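Novice: Sequence unavailable; structure follows:
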């Protein structure tokens, strides 16, 4: 084997090692921003570049943007600007030895980042239909005896771009599906409010308060997000409750209360058979948010930790909102009265640790209600019982 062949073999092994080291990390990553960072790092390592950026096309704004330009935060440029814009327009790769000698070079990024670009490679990222959805850009060759990228470097960046394009397309599809699912959840939650005289902001407040409580309880970020997303569906079953009961201005009779209580089972049945884990998770919240820590709630009389945690948290958020806001059957309570009521319900209606989190962080959580002029209506303490 010649010295050249030996160097080639070593370089090929280096690239394979890099690919195998990055692939598990990329496969396990679900957040687009983190994914782009990993792929930019992979590209930079494979071609020995000083900087590597992965630009994505934003058709709505007619721009290219990146959160992965090493050394800087998010950048946005016109869709047709510079070398990356040229690769988007033509769908072709570029190999540039000296950027400042090329009329297509857009020096605005250098000006923003106080950087000097010399050698550049750009390779378009194409989706499964052949449409350009982004551009891989490597800047300034590092190491070795030359400071310019070679045709071999360009081929290596092409390899990285093909892999990255498939990964980005898959991540975008997943993100779109998740965004659609979140929108459906929010729309369903709003639907349960349209027929009542409560404002649609109720579900937004309950979701936000549930999120804060979950964070203050120290739950993992993924669990916090699930609770935030599913809290708006807690009263979905009210869609089937008659208006005469739902919007009655006075206290409910025992018969009316029995009808109102059916909303938890109705909501559960609407969600529990979904193929989506998030909606099945929401089904438990819908059914169990009127259970009590002491086992005196409904519909199953669950007690303590047998109640799903998300439902325990949502229950506190729901009652806080009911007491603090106007309802057709009650005026909002004064702040101190609400605070005192939660202290009384600690350990009976609500899990002590959740009430502790609420009271400890009261100023932050209650701040959204402070603009209201509240009066007390003690007879309406049942907040729809």
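Specialist: Right, received. Where do you want to start? What you see is a predicted model; the values in this text were computed from it and never measured.

Novice: which element follows the helix or strand harbouring residue 159 toward the C-terminus?
Specialist: Per DSSP states H and E: residue 159 is located in helix 151-194. Sequence-wise, the next helix or strand downstream of helix 151-194 (DSSP H and E) is helix 201-216.

Novice: Which positions within that following helix qualify as buried?
Specialist: Going by neighbour count (16 or more other C-beta atoms under 10 Å), the buried part of helix 201-216 is 202-216. Yep, even glycine has a C-beta here, placed from its N, CA and C like the rest.

Novice: Please work out the average pLDDT along the helix holding residue 159.
Specialist: What helix 151-194 shows for mean pLDDT is 75.

Novice: How about stretch 361-368?
Specialist: 93.

Novice: Tell me the pLDDT of residue 382.
Specialist: At residue 382, pLDDT is 50.

Novice: can you check residue 19 too?
Specialist: So, for residue 19, pLDDT stands at 69.

Novice: And residue 36, by the same measure?
Specialist: On the pLDDT scale, residue 36 is placed at 81.

Novice: Tell me who's in contact with it.
Specialist: Contact partners of residue 36, counting by C-beta atoms under 8 Å, 6 or more residues apart in numbering, are 54, 56, 66-68, 168.

Novice: switch to 10 Å and redo it
Specialist: 29, 53-56, 66-68, 134, 164, 167-168, 171 (C-beta atoms under 10 Å, 6 or more residues apart in numbering).

Novice: can you put the residues you listed in TSV and add distance to residue 225 and neighbour count?
Specialist: As requested, these are exported to TSV (distance: C-beta to C-beta, whole Å; neighbours: other C-beta atoms under 10 Å):
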residue	distance to residue 225	neighbour count
29	16	17
53	28	27
54	25	27
55	28	30
56	23	18
66	25	22
67	20	18
68	23	27
134	26	29
164	26	24
167	22	19
168	22	21
171	17	17
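
Novice: Which pair of those residues spans the longest distance?
Specialist: 29 and 55 (18.8 Å; C-beta to C-beta).

Novice: picking that back up, just put the contacts of residue 36 in CSV and tack on distance to residue 362.
Specialist: Listed next are the contacts of residue 36 as CSV, based on distance: C-beta to C-beta, whole Å:
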residue, distance to residue 362
29, 37
53, 45
54, 44
55, 45
56, 42
66, 42
67, 36
68, 40
134, 46
164, 47
167, 44
168, 43
171, 39
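
Novice: How is residue 125 assigned, secondary-structure-wise?
Specialist: strand (DSSP: H, G, I helix; E, B strand; the rest coil).

Novice: Could you list the domains of the protein?
Specialist: For the chain, the structural domains run 3-171, 195-370, going by the TED database.

Novice: centre of the chain versus the last one, how much separation?
Specialist: With C-alpha atoms, centre = their mean, to the nearest Å as the basis, the distance from the averaged C-alpha position of domain 195-370 to the chain average is 22 Å.

Novice: again, but for stretch 139-158
Specialist: Relative to its chain's centre, stretch 139-158 lies at 37 Å (C-alpha atoms, centre = their mean).

Novice: Show me what counts as buried in that stretch.
Specialist: 139-141, 149, 153-154, 156-157.

Novice: cool, stretch 267-279 as well?
Specialist: Buried-residue list, stretch 267-279, by 16+ other C-beta under 10 Å: 267-268, 270-271, 278-279.

Novice: Out of these, name the ones that lie in helices.
Specialist: Taking DSSP state H as the definition of helices, the buried residues of stretch 267-279 contribute 267-268, 270-271, 278-279.

Novice: which one among those gets closest to residue 342?
Specialist: Closest approach to residue 342 among those (C-beta to C-beta): residue 267, at 24.5 Å.

Novice: who touches the closest one in this structure?
Specialist: With contacts defined as C-beta under 10 Å, 6+ apart, the neighbours of residue 267 are 188, 192, 233-240, 282-283, 285-287, 289.

Novice: one more time with 8 Å
Specialist: Contacts of residue 267 by C-beta under 8 Å, 6+ apart are 192, 233-238, 283, 286-287.

Novice: Please determine how far it is located from residue 202.
Specialist: 15 Å (C-beta to C-beta, to the nearest Å).

Novice: Next, count neighbours for residue 121.
Specialist: When neighbours are defined as other C-beta atoms under 10 Å, residue 121 has 27 of them.

Novice: meant to ask about residue 251
Specialist: By other C-beta under 10 Å, 15 other residues sit near residue 251.

Novice: Name the SS class of it, please.
Specialist: coil.

Novice: ok, how many other residues are close to residue 221?
Specialist: Neighbour count for residue 221, taken as other C-beta under 10 Å: 9.

Novice: Now do the contacts for it.
Specialist: Neighbouring residues of residue 221 by C-beta under 8 Å, 6+ apart: there are none.

Novice: picking that back up, possible to save the contacts of residue 267 as CSV with secondary structure and distance to residue 343?
Specialist: Below are these laid out as CSV (DSSP: H, G, I helix; E, B strand; the rest coil; distance: C-beta to C-beta, whole Å):
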residue, secondary structure, distance to residue 343
192, helix, 30
233, helix, 29
234, coil, 23
235, coil, 25
236, helix, 30
237, helix, 30
238, helix, 29
283, helix, 31
286, helix, 28
287, helix, 27
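
Novice: Name the nearest of those residues relative to residue 33.
Specialist: For these, the nearest to residue 33 is residue 233 (27.7 Å; C-beta to C-beta).
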